[in-house]
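In: take a look and give me a structure for this.
(2 chains)
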Amino acid sequence: MLELKQLYQGFRDPTTIANLSKQIAQQAAKVDGDIRIMEVCGGHTHTIMKYGLNQLLPDNIDFIHGPGCPVCIMPKERIDHAIAMASQDNVILVTLGDMIRVPGSKGTLAQCRADGRDIRPIYDPLDTIKIAQDNPDKTVVFFAIGFETSTPMTAVLIEQAEKLAINNLYFHINHVLVPPAIDAVMADPKVKVNAFIGPSHVSVIQGSEIYRPAVDKYGTPVVVSGFEPVDVMESILRITTQKAANVAELDNQYSRAVTPEGNLAAKAIIDKYLCIRPEFRWRGLGPIPNSALMLREAFSHRDAELHFASILPTEEIEDHKACQCGDILRGLCKPKDCKVFGRGCSPESPMGSCMVSSEGACNAYYRYGGIND
Amino acid sequence: MTESKRKKQIQLSHGGGGKEMNKLIKELFFKAFDNPILKSEEDAARLELKGPTAFTTDSFTVAPLFFAGGDIGKLAIAGTVNDLAMMAARPEYLSCSFIIEEGFELDKLKTIVHSMASEMEKSGAKIVCGDTKVVPKGCADGIFINTSGVGEILQDGISIKNIQAGDAIIVSRDIGRHGAAILMAREGLTLESDLTSDCATLWPIVDELINAQIPLHAMRDATRGGISAVLNEWAVGSDVEITVDEAKLPVADEVKGLCELYGFEPLDLANEGTFVIALPQEYANKAVELIKLHQTAHSGFIGEQAAIIGTVATERAGKVILKTPWGSSRYLDLPQGELLPRIC
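Out: Numbers count the residues shown, from 1 in each chain, chains lettered A, B, ... in the order given. Presented below is the predicted three-dimensional model:
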């Protein structure tokens, strides 16, 4: 029988990591100037900080932690939506893990639950079907979050709800997209990013080709990478090798799971139920056109934003002025440059987006960082 | 359904102070917890204590009540007895309060009570006073148990303030089993595994360490918050730096697998029969050998055995540092946020 550990052991092998570190240093020595890599996905930020990979790299390689944490980029007004819906009588609000800790303008879903409201964090979105079936006299809202990775699961849930005619299940869609976020970061002329580590799971669904436009437009290498330490180190080596040869190409280190075109079945089901939202406001980055999804009109009868329109707050809520998450997400400063980092802003009471989830850059620095300072 | 076929349930009258309550106490509790002090039926137990005494209390609200490797009854005894043992105190007298939800199955209560009685045999502790309340349906989740305990301290100086530079850090067995077992049993996670909780009474092994005259500086059972919480409390409490070598941490494959799937850290998961020791480096190997001998002799022991996992220094006082197998390091912080439902 295949054991789980066999799947990851090789990707955490100390000798392999040491060898990769050596090769990266050799290649980096051939590069003039700095290699400033944005790892778009929060999972990679977490890998780099948790395993201390930044300590194994030469001085001219620096990381800029990108906007790829779906919980972190959720603007406060969307969380206020969730709380407003959950605060209605006879409503059950269902959402994924971390979301219940994230503060909106008036507290978190966890606090709302403590006030007696029915809020259920789940691991598997399809559990929502049973919740809706078991509570036919209640309105069940699935508060859908996540990048392209978790979108297919929402689409399958919508399909099941339609097929089984579960009429008390509504959707509040907050699915966001990676490529427009990359464009939004690069649009700032002050941004000095000159290479990207492409997300793992997003690419499993969407395929590596979605980053081709970024390679062409910005002339930067993009290497799609797995989540394990060896994956990330190998991807950094591939970036550094490209830099040493002065080329910019799309490359796929995570070829054991990612194809150029992605998971076609998943893409088809997403397309069946969801379409591009004209604009979505990202916490820390502001409004980005075409950067999120919404329900197709044919399924508007399941749209919680329409069903609850009369009670959903419309005010846009900014983070505290002292919070520098926007600059951190663009790589213009590091978490420790922020005046409130670790003082007014901590994982227990986050002021800004990057401190919120364990995948956020400030959160990762707070938990693991600072050891060499 | 006829009365005889119905499963017998606890009713509000069982906590009412009358006939039904008397029957429950005499026929179930007195029989299982049998000892003269309890049976004297005075308003309070009369105890003879000598010398420095440790006193502790804990409430148990675990869900589910029955899990792989134990149940709430075993936990309620082991938990309080272990708190005494961690102060090198021999567990002597316990109190026990039940808060039972109306409608709770009598058979389940019996199983729990017998599990408590058999767990007490491992340390020799006795329940000498108790209380039973029954609350209306919906006011409790099945059953809650509180136990308190006292015991004579046999080795002085064991304290979170007594960890010294040069000390070794030992963990008594593989970590994170209880948290992982509860998580597996949790509704909504459909996982199958042979994993069992580490739930156990630690007094016998602590007694052996004391008898072997090992100068223990600090001991703590790594319950909620796991090893991370213990080490952080120690680093702050004694104003020292604790460095842990990740490669030396004993972790069962099942626990590792669960952590991989759900993004948890074995170091953050709760234990109910695993403890951490700080002691002078020169006694570390002897202590590990003693614990291993004890584990090997115990036929029921499943898992990986004791190991030296770290060292104590003064440089970055108040911090716990985790060294990775490839030479980098990071701070090991306290676990945060909501990890699990009630687990103890």
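
In: give me the distance from stretch A:184-201 to the chain's centre.
Out: 14 Å (C-alpha atoms, centre = their mean, to the nearest Å).

In: mind checking how far the residue of the stretch 201-344 of chain B found nearest chain A is from A:Ile17?
Out: Residue of the stretch 201-344 of chain B nearest chain A, by C-beta to the nearest C-beta: B:Ser328 (2.7 Å). Every C-beta, even on glycine, is put in place using the N, C-alpha and C of the backbone. Applying C-beta to C-beta, to the nearest Å, the value for B:Ser328 to A:Ile17 is 9 Å.

In: common neighbours of these two, please.
Out: A:Leu56 (C-beta atoms under 8 Å, 6 or more residues apart in numbering or on different chains).

In: count of neighbours near the residue of the stretch 201-344 of chain B closest to chain A?
Out: 20 (other C-beta atoms under 10 Å in any protein chain shown).

In: contact partners for it?
Out: B:Ser328 neighbours (C-beta under 8 Å, 6+ apart): A:Tyr51, A:Gly52, A:Leu53, A:Gln55, A:Leu56.

In: mind showing which ranges of chain B have poor pLDDT?
Out: B:1-5, B:187-190, B:336-344 (pLDDT under 70).

In: pull the longest strand from it.
Out: strand B:89-101 (DSSP state E).

In: report all helices and strands that that strand contacts.
Out: Applying 3 or more C-beta pairs under 8 Å, 6 or more residues apart in numbering or on different chains; DSSP states H and E, we find strand B:89-101 packed against helix B:72-85, helix B:106-120, strand B:126-135, strand B:143-153, helix B:203-211.

In: ok, 10 Å please
Out: Packing partners of strand B:89-101 (3 or more C-beta pairs under 10 Å, 6 or more residues apart in numbering or on different chains; DSSP states H and E): helix B:36-39, strand B:53-60, helix B:72-85, helix B:106-120, strand B:126-135, strand B:143-153, helix B:203-211.

In: make CSV from the ones you listed and add distance to chain A to it.
Out: Shown next, in CSV, are those (distance: least, C-beta to the nearest C-beta, whole Å):
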stretch, distance to chain A
helix B:36-39, 39
strand B:53-60, 19
helix B:72-85, 24
helix B:106-120, 25
strand B:126-135, 19
strand B:143-153, 19
helix B:203-211, 29
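
In: out of these, deepest packed?
Out: helix B:72-85 (a mean of 28; mean count of other C-beta atoms under 10 Å in any protein chain shown).

In: tell me the domain ranges of chain B?
Out: B:12-153, B:167-331 (automatic domain parsing).

In: most packed of these?
Out: Comparing the domains of chain B by mean neighbour count (mean count of other C-beta under 10 Å), domain B:167-331 ranks first with a mean of 20.

In: quote the end-to-end distance of it.
Out: 19 Å (C-alpha to C-alpha, to the nearest Å).

In: so which bits of the stretch 1-150 of chain A are right by chain B?
Out: Proximity of the stretch 1-150 of chain A to chain B (C-beta under 10 Å from any C-beta of the partner chain) is limited to residues A:3-5, A:7-9, A:12-18, A:20-21, A:43, A:46, A:49-56, A:97-98, A:100-101, A:110, A:120-124, A:127, A:130.

In: repeat that with 6 Å
Out: Proximity of the stretch 1-150 of chain A to chain B, by C-beta under 6 Å from any C-beta of the partner chain, involves residues A:Leu4, A:Lys5, A:Pro14, A:Ile17, A:Tyr51, A:Gly52, A:Gln55, A:Leu56, A:Arg101.

In: isn't the first one right up against B:Cys259?
Out: Looking back up the chat, that one is A:Leu4. No: A:Leu4 is beyond contact range of B:Cys259, at 10.0 Å (criterion: C-beta atoms under 6 Å).

In: what's the closest non-adjacent residue to residue 224?
Out: Assuming you mean chain A. Spatial nearest neighbour of A:Val224, chain neighbours left out: A:Gly198 (3.7 Å); criterion: C-beta to C-beta, 6 or more residues apart in numbering or on different chains.

In: wrong chain, I was asking about chain B
Out: Closest to B:Arg224 by C-beta to C-beta, 6+ apart is B:Ala270, at 5.1 Å.

In: please report how far the one you found lies from B:Pro280.
Out: 29 Å.

In: strands of the stretch 51-200 of chain A, residue ranges please.
Out: A:61-68, A:91-96, A:118-122, A:139-146, A:169-175, A:195-198 (DSSP state E, counting those that start in this stretch).

In: report all helices and strands that the fourth one contacts.
Out: Judged by 3 or more C-beta pairs under 6 Å, 6 or more residues apart in numbering or on different chains; DSSP states H and E, strand A:139-146 is in contact with strand A:91-96, helix A:127-134, strand A:169-175.

In: quick one: residues in contact with the shortest one.
Out: For strand A:91-96, contacts defined as C-beta atoms under 6 Å, 6 or more residues apart in numbering or on different chains pick out A:85-86, A:118-120, A:122, A:128, A:138-143.

In: just the buried residues from the residues you listed, in ChimeraX please.
Out: Listed next is the ChimeraX selection for buried residues among those, using 16 or more other C-beta atoms under 10 Å in any protein chain shown:
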select /A:85,86,118,119,120,128,139,140,141,142,143
